[in-house]
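Colleague: here is my input, please return the structure:
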Amino acid sequence: MTSKILNSLPHLANDSVTKQVTDILSDLIVTGKIVEGDFLPTEEDLCHEFGIGRSSVREAIKTLESRGMVRKLHGKGVEVIDESAKATTEMLHISLRMKKTTVRDFMEFRKSMEIKMTEMAACRATSEQVKTIEEVLEKMKTDEYRLETFADYDFMFHKSIADASGNKVFSLMMETIRPMLYSHIIYTLNPNFNPELSNHFHETILEAIKAKDPNAASAAMAAHLVGTKSIIDELESANVTL
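Modeller: All right, here's what the predicted structure looks like:
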């Protein structure tokens, strides 16, 4: 595997050597020429084939590590992994904080994404996916109410709908925004929060998905998010911050 990859490596141009090495190795991983669980060629081999110094190779590998694409294993080498979603989540969270995004901004984003993905879930969900959504909702209804536990189940409910939409981008986006969505859910679980009312919204969404009624499903999610927005408006008027 290693020799085959080395023989196919392109020549470097005059741009940033580190960037080029990073891009080449990234492409080999993304296209599946090096798969998860494989090891990159050694630093020595990469230096020899590219005709560059170790510092450029090491910087490229550090960049791949920060992207969640590889990890160094002592005494073994650099293994290809797939923690890209986790790395993206961390960078997105930092970026959103630096851009001073608000709860209202996030609510508008949720509305634009979740209504459509729920509509698609009503059309595409398999019986197994419907069962998963159903099981999560049942836990929300039967487990002893605790804020953190309820928030976990709430996220899982929405993530399961994203998975059932059949659209990988929706599913990946939900996973990527998980920490932000979790914080958003926690924010709305104020002292006056009524889990039974929340479960009613979730039940209506589930029933529409089970009935394979996309219009009813999107309307149910829209109603749920309107209810969430009203809670946010009340909290903001009371100067409660996230």
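Colleague: drop to CA atoms for contacts and neighbour counts, all remaining ones
Modeller: Will do.
Colleague: which SSE is T149 in?
Modeller: Applying DSSP states H and E as the criterion places T149 in helix 147-164.
Colleague: helices or strands up against that helix?
Modeller: Using 3 or more Cα pairs under 8 Å, 6 or more residues apart in numbering; DSSP states H and E, the elements in contact with helix 147-164 are helix 103-124, helix 127-142, helix 168-176, helix 178-188.
Colleague: recalculate using a threshold of 6 Å.
Modeller: When contacts are defined as 3 or more Cα pairs under 6 Å, 6 or more residues apart in numbering; DSSP states H and E, helix 147-164 sits against helix 127-142, helix 168-176.
Colleague: now these as TSV including distance to V80 and mean pLDDT?
Modeller: Listed next are the helices and strands packed on helix 147-164 as TSV, based on distance: least, Cα to Cα, whole Å; pLDDT from 0 to 100:
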stretch	distance to V80	mean pLDDT
helix 127-142	30	93
helix 168-176	20	93
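Colleague: closest to K19 out of these?
Modeller: In terms of Cα to Cα, the element of the helices and strands packed on helix 147-164 nearest to K19 is helix 168-176, at 25.0 Å.
Colleague: of all the helices and strands packed on helix 147-164, which lies closest to S84?
Modeller: Nearest to S84, of those and by Cα to Cα, is helix 168-176 at 9.5 Å.
Colleague: that older thread, could you dump the helices and strands packed on helix 147-164 to a markdown table with distance to L92 and mean neighbour count?
Modeller: Converted to a markdown table, the helices and strands packed on helix 147-164 look like this (distance: least, Cα to Cα, whole Å; neighbours: other Cα atoms under 10 Å):
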| stretch | distance to L92 | mean neighbour count |
| --- | --- | --- |
| helix 127-142 | 27 | 16 |
| helix 168-176 | 8 | 18 |
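Colleague: what I need now is those written out in JSON lines, including distance to K212 for each item.
Modeller: Shown next, in JSON lines, are these (distance: least, Cα to Cα, whole Å):
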{"stretch": "helix 127-142", "distance to K212": "10"}
{"stretch": "helix 168-176", "distance to K212": "19"}
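Colleague: quick one: which of those is nearest D152?
Modeller: Nearest to D152, of the helices and strands packed on helix 147-164 and by Cα to Cα, is helix 127-142 at 9.2 Å.
Colleague: quick one: low-confidence ranges for the chain?
Modeller: 1-15, 143-145, 190-193, 238-242 (pLDDT under 70).
Colleague: the longest helix seen in it to helix 147-164, inter-axis angle?
Modeller: Ranked by number of residues, the top helix in the chain under DSSP state H is helix 214-237. Note on geometry: by axes from the mean of the first three to the mean of the last three Cα atoms, to 10 degrees, helix 214-237 and helix 147-164 are set 150 degrees apart in direction.
Colleague: output the contacting helices and strands for helix 214-237.
Modeller: Packed next to helix 214-237, using 3+ Cα pairs under 6 Å, 6+ apart, are helix 103-124, helix 195-210.
Colleague: chain center to the first one, what's the gap?
Modeller: Just to be clear, that refers to helix 103-124. Offset of helix 103-124 from its chain centre (Cα atoms, centre = their mean, to the nearest Å): 14 Å.
Colleague: the shortest one now?
Modeller: A distance of 23 Å separates the centroid of the chain from that of helix 195-210, by Cα atoms, centre = their mean.
Colleague: after the one helix or strand C47 maps to comes which helix or strand?
Modeller: Per DSSP H and E, C47 falls inside helix 43-50. Moving toward the C-terminus from helix 43-50, the first helix or strand encountered (DSSP H and E) is helix 54-66.
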